[in-house]
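Student: A predicted structure for the sequence below; I have some questions about it.
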Amino acid sequence: MPFATSSGARIYWKLEGAEDKSALILLNSIGTDMSLWDAAVPALTGSFRLLRIDTRGHGASDAPDGDYTLPMLAGDVVAVMDAAGIERAAIAGVSLGGMIGMELALSHPERISALGLICTSATMDKGIWRDRVVQVRAGGTASIADAAMQRFLSPTFAAGQPAVAASIKRNLLAMAGPGYAGAGAAIRDMDLIGRLGGISCPVLIVTGERDVSTPFAGHGENLVAAIPGARHEQLDCAHLAPVEAPAAVAGTLRAFLAPGTDTADAAEALFEAGLKNRRRVLGDAWVDRSLAGRTPFNAEFQAMITRIAWQEIWSRPGLDDRTRRLLVLAITASLGRWEEFRLHVRAGLTRGGFTRDDLKEVLMQTAIYAGVPAGNTAFAEAAAVMKEIEAAG
């Protein structure tokens, strides 16, 4: 694992992508680690060489006791850049990551080519953060986890993607209390708002329509007003934008940082993101067989459905995977698309996507609304698939 040493702490980093691409540093919010960016990475690696960093106190980086400061955290990023051999880079930072980015642009302007400030601010309530630091030092991250989750994700997303929400909360609960408290002190004590006029690099400010922590009003609007030439984009998401709207965040960053990126690169990034979803839902074995069966005649069609169906639709936050699977079963049975029906019955049952009782209820409902013959055939097709699964062990 690669580490850089900075002010007595080991800072974990990860470098991804081709060496001939321009560097983009991705920084996480307080209470998360570099995995915050996982869903957006496939749509960014086609355009950038990505350097992800676990902020001091987070993830695999050290979590020393005491107060951290934004200059200290900015110094950590510079140390990682040196260790990775990156002289100059753009930065995209969420919340605390955006604050660190602003400090870097002010104190190390020669190292920063552009800033993407995502769901962040230069003016947080000092009293709230003072109390939060005290609370975490007394009771650990468990004492603030429920409140933090209400700020991190919108209720709609959390309800539609419970596994994602549970993972974020689990990582927060596992976080070292001194790390969260130290980073919280950096937010409490930051001194940015009066200095923002000194930022000279291009700046993109991204706000979330459902962000209750750093909305445009009172936060994003201050950045837009204070940073010369700053651009603003608003996305349909809450505070953790790369989790709720990974494709939109990646597309916004690409348009801002790499406007000359050609269509082929963009299509490849979307294909890779869709392929990841396709493997999650259907399994590696089936996807590998499908890819191996591509021909010059059908390859473009396969690429299109991977980009559109598997990336655009299966990545949407409004429904969880289980609901989407069951919808596919009902629709394919109603239309008599039995090859596709069998595929999703097999994938759902073998990959824990739904239970046999779930399948039965969907087919009972289908028989009423699409006709008994459709339901009758669907039960027979599903039974045949279940028999094959049992025979295979």
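Tutor: Perfect, I can see it now.

Student: ok, Ala185 - contacts?
Tutor: Asp67, Tyr68, Thr69, Trp129, Val133 (CB atoms under 8 Å, 6 or more residues apart in numbering). Where C-beta positions appear, they are placed from N, C-alpha and C, glycine not excepted.

Student: torsion angles phi and psi at the last one?
Tutor: Reported as degrees, to the nearest 10, the phi and psi values for Val133 are phi -60, psi -50.

Student: that one and Asp62, how far apart?
Tutor: Val133 is 18 Å from Asp62, where distance means CB to CB, to the nearest Å.

Student: before we move on, the earlier item: most neighbours among the contacts of Ala185, which one is it?
Tutor: Among those, Tyr68 has the most neighbours (other CB atoms under 10 Å), with 26 neighbours.

Student: report the secondary structure state of it.
Tutor: coil (DSSP: H, G, I helix; E, B strand; the rest coil).

Student: and the pLDDT at it?
Tutor: For Tyr68, the pLDDT comes out at 98.

Student: swap in Pro246?
Tutor: pLDDT, read off for Pro246, is 89.

Student: that older thread, ok, of the contacts of Ala185, which one's closest to Asn222?
Tutor: If you rank those by distance to Asn222 using CB to CB, Trp129 comes first, at 16.8 Å.

Student: quick one, strands of the stretch 51-200 of the chain?
Tutor: 89-94, 112-118 (DSSP state E, counting those that start in this stretch).

Student: dump the ones you listed to a markdown table, plus mean neighbour count and mean pLDDT.
Tutor: What follows is these, written out as a markdown table (neighbours: other CB atoms under 10 Å; pLDDT from 0 to 100):
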| stretch | mean neighbour count | mean pLDDT |
| --- | --- | --- |
| strand 89-94 | 26 | 98 |
| strand 112-118 | 26 | 98 |
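
Student: tabulate the ones you listed (TSV), appending distance to Ala273.
Tutor: Converted to TSV, these look like this (distance: least, CB to CB, whole Å):
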stretch	distance to Ala273
strand 89-94	17
strand 112-118	18
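
Student: beyond the worst-scoring helix or strand of the chain on mean pLDDT, next helix or strand please.
Tutor: Lowest by mean pLDDT, DSSP states H and E among the helices and strands of the chain is helix 263-282, with a mean of 76. Reading on from helix 263-282 to the C-terminus, the next helix or strand found by DSSP states H and E is helix 284-292.

Student: what does the very next helix or strand once past that next one contact?
Tutor: Following helix 284-292 in sequence order, the next helix or strand is helix 299-305 (DSSP H and E). Helix 299-305 has contacts (CB under 8 Å, 6+ apart) with Ala267, Phe271, Ser290, Leu291, Arg294.

Student: and the furthest pair within those?
Tutor: Using CB to CB, these span at most 18.4 Å, a distance reached by Ala267 and Ser290.
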